[in-house]
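> Mind folding the following:
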Amino acid sequence: MARSKVAFSLFWRTFFLLALLLVGGVFAWTQTFRALEFEPRAVQAAQQIAALVNLARTALQASDTINRVALIKNMARQESVRLSPREPGDKWEPFEVDRFSKAIGAELRAQLGPDTLVASSVNKQPGLWVGFTIDKDPYWLQAESSRVAALTWSTLGLWGGIAVLASIFGSALIARAINRPLQELSFAASRIREGEFDSVLDENTMTSEIRQVNMGFNRMARELAKVEEDRAVMLAGISHDLRTPLARLRLEAEMSVNDDEAKRNMASDIDQLDAIIDKFMDYARPGDVRLVPVHLSSLVDREMAAFRDTSQIRITARVAIDTKVMADETELGRVLQNLFENARRYGRSTDTGIARVVVTYARTGPWVILSVRDHGPGVDPAKLGQLTTPFFRGDAARTAATGAGLGLAIVEKAVQRMGGSFEVTNAPEGGLVAHIRLKKAP
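All right, here's what the predicted structure looks like:
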């Protein structure tokens, strides 16, 4: 069983790859910063506390008993530190519980002496407590714990989150800048496919590869436009050059041929040649269409009126009068003409020899599907997909009449120019059914 593949546009593929790269870089940077910041931050915090202890020790040693009390109060007010005698019955909890606090404790003992105590609380009062001695008198120095706080995960998360958001936003901008030339190329190519050759891409872009692609595309568009113009001129000339001798042949046949049957046969052949020329001109018609709201039922009735010979074809329409589609009225009329003509030639019932055609419609979402069905012999299912190929003919059962082999190709091309789609299938009860899907008019 083939595995289904998830399809991403080039923009999203570029965006996800860039975002993954940048987010991975942010994560690696955060871990590196945390590892490199750990030891210097612990040393700096320990040095600050040690400086406070040494300052307090020096100040107390230089003060007499009367001034010592005033000095302790002043330090508490100015430096947010508290000095108090250390009693033998004090209950304290160790400060060193993790890697960061152990590093601070080790640094404090290295600077203040091995008998230095570091506690996280004394007598249930939290804070950073450092035990030291002054002339063999033990003291506690209490400082704010924020002085030695490690970088918290919330802070790292905030910084990392901002960096990730900035990375994602930057990835979107970079992906958009990278893919914009390709989007412009894709849009221009779609216009070329629709027969519009006036798309011009920027040939002065700074990226050399994109510049070369744009120059090549513009050159190709100019060549295609010239080919299309030459083709239109050639077909117009062929039409004119062929119709002039055909008109002379018709006149000579009317004036010179005495046999009425031969005259009718010659006139029929000339009419057939003239119809084939019309088919060629219809297929080569330029792709410019003007989409307007078209009353579908009125257009179907108008085109039905052209097929009055009930001995060959009988058409029944079941289209609501309020049904409107976005189409070019002339193009859609030509589509119906070709479908009715195709049914008249190839869709005749085997029992009556009359082509019975039924026109119906269905609304599905923003679309209207117009169905034209005959009750003829149908087509070999293996050849259904080739019916819209120019000059292709189906099996012998549907080729009893002569033609240019362009009718359904003209229909498909015209429907696509109007922004719709065309499909041909065999009806379950027999016969061929053509489905025309067009946008519903507002």
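> So which helix or strand of the protein has the lowest pLDDT on average?
helix 65-78 (a mean of 64; mean pLDDT, DSSP states H and E).
> next structured bit after that one?
The C-terminal neighbour of helix 65-78 among helices and strands, as given by DSSP states H and E, is strand 82-85.
> list the buried ones in that following strand?
Of all the residues in strand 82-85, those buried under the rule 16 or more other CB atoms under 10 Å are R82, L83, S84. For the C-beta atoms, the positions are set from N, CA and C on the backbone; glycine is no exception.
> just checking, the first one touches E144?
Spelled out, that is R82. No - the pair R82 and E144 does not pass the contact test of CB atoms under 8 Å, sitting 9.9 Å apart.
> Need the overlap of contacts for the two.
Jointly contacting R82 and E144 under the rule CB atoms under 8 Å, 6 or more residues apart in numbering are G127.
> Next one: A247 from M266, what distance?
As judged by CB to CB, to the nearest Å, A247 and M266 stand 13 Å apart.
> who's more crowded, the two?
Set A247 next to M266 and count neighbours by other CB atoms under 10 Å: M266 wins out with 17 against 12.
> so is that one in a helix, a strand, or just coil?
Assigned by DSSP: H, G, I helix; E, B strand; the rest coil, the conformation of M266 is helix.
> Could you do G24 as well?
helix.
> how much space between it and D202?
With distances taken as CB to CB, G24 is found 34 Å from D202.
> just how off-centre is the helix or strand hosting V227 within its chain?
Assigned by DSSP H and E, V227 belongs to helix 208-256. Offset of helix 208-256 from its chain centre (CA atoms, centre = their mean, to the nearest Å): 37 Å.
> Give me the average confidence score over that helix.
The pLDDT scores in helix 208-256 average 76.
> Give the other helices and strands that it contacts.
Using 3 or more CB pairs under 8 Å, 6 or more residues apart in numbering; DSSP states H and E as the contact test, the elements touching helix 208-256 are helix 153-193, helix 260-283.
> Serialize the ones you listed to TSV and add fields for distance to G127 and mean pLDDT.
Converted to TSV, those look like this (distance: least, CB to CB, whole Å; pLDDT from 0 to 100):
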stretch	distance to G127	mean pLDDT
helix 153-193	21	76
helix 260-283	93	70
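> Could you check these and tell me which one is nearest L117?
With CB to CB, the closest approach to L117 among the helices and strands packed on helix 208-256 belongs to helix 153-193: 28.8 Å.
> Quick one: the helices in the stretch 251-400 of the chain, in order.
Residue ranges of the helices in the stretch 251-400 of the chain, as given by DSSP state H, counting those that start in this stretch, are 260-283, 296-304, 329-346.
> Could you single out the most deeply buried of those helices?
helix 329-346 (a mean of 21; mean count of other CB atoms under 10 Å).
> That one vs helix 296-304, what angle?
Calculated by axes from the mean of the first three to the mean of the last three CA atoms, to 10 degrees, helix 329-346 forms an angle of 50 degrees with helix 296-304.
> what is the mean pLDDT for helix 329-346?
On average, helix 329-346 scores 87.
> my guess is V433 is in a strand, correct?
Yes - assignment of V433 by three-state DSSP places it within a strand.
> and it, how many neighbours?
V433 has 18 nearby residues by other CB under 10 Å.
> Could you list everything it pairs with in the sheet?
R373, T425 (DSSP bridges).
> what about it, distance to L387?
To L387, V433 is 12 Å away according to CB to CB.
> anything in contact with each of these two?
Counting by CB under 8 Å, 6+ apart, the residues touching both V433 and L387 are V424.
> sorry, back to before: okay, the angle between the helix holding V227 and helix 153-193?
Orientation check (the same axes, to 10 degrees): helix 208-256 against helix 153-193 gives 30 degrees.
> CA-only coordinates of stretch 316-329, as CSV, when you get a sec.
Taking Å, rounded to 0.1, in the frame of the first residue of the first chain, the C-alpha atoms of stretch 316-329 are listed here in CSV:
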residue,chain,number,x,y,z
THR,A,316,-35.8,18.6,-23.6
ALA,A,317,-34.7,21.2,-21.1
ARG,A,318,-35.3,21.0,-17.3
VAL,A,319,-33.5,24.1,-16.1
ALA,A,320,-35.1,26.4,-13.5
ILE,A,321,-35.8,29.9,-14.8
ASP,A,322,-33.9,31.6,-11.9
THR,A,323,-30.6,29.7,-12.5
LYS,A,324,-27.8,32.1,-13.3
VAL,A,325,-24.1,31.4,-13.8
MET,A,326,-21.0,33.5,-14.2
ALA,A,327,-20.0,33.0,-17.9
ASP,A,328,-19.4,34.6,-21.2
GLU,A,329,-22.8,34.4,-23.0
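> in that stretch, what counts as buried?
A317, V319, T323, K324, V325, M326, A327, D328, E329.
> swap in stretch 131-150?
For stretch 131-150, the neighbour count (16+ other CB under 10 Å) marks G131, F132, I134, Y139, W140, L141, Q142, A143, V148, A150 as buried.
> for stretch 429-442, same thing?
Buried positions in stretch 429-442, judged by neighbour count with 16+ other CB under 10 Å: G431, L432, V433, A434, H435, I436, R437, L438, K440, A441.
> Would you agree the last one is in contact with V325?
Yes - in this structure, A441 is within contact of V325 by CB under 8 Å, at 5.6 Å.
> could the helices of the stretch 251-400 of the chain go into CSV alongside distance to Q61?
Formatted as CSV, those follow (distance: least, CB to CB, whole Å):
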stretch, distance to Q61
helix 260-283, 110
helix 296-304, 107
helix 329-346, 106
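> quick one: which of these is nearest A50?
Short answer: helix 329-346, nearest of the helices of the stretch 251-400 of the chain by CB to CB, at 91.5 Å.
> Tell me which other helices or strands that closest one touches.
strand 292-295, helix 296-304, strand 313-318, strand 355-364, strand 367-374, helix 407-417, strand 432-439.
> So for E196, which of those sits nearest?
helix 407-417 (11.0 Å).
> What mean pLDDT does the closest one get?
Rounded mean pLDDT across helix 407-417 is 82.
> buried sites along it?
Of the residues in helix 407-417, G407, L408, A409, I410, V411, E412, K413, A414, V415, R417 count as buried by neighbour count, 16+ other CB under 10 Å.
> between the helix or strand harbouring L20 and helix 153-193, how many degrees?
Assigned by DSSP H and E, L20 belongs to helix 10-61. Angle, helix 10-61 to helix 153-193, by the same axes, to 10 degrees: 160 degrees.
> Show me what helix 10-61 is packed up against.
Using 3+ CB pairs under 8 Å, 6+ apart: helix 10-61 touches helix 65-78, helix 99-112, strand 125-134, strand 137-143, helix 153-193.
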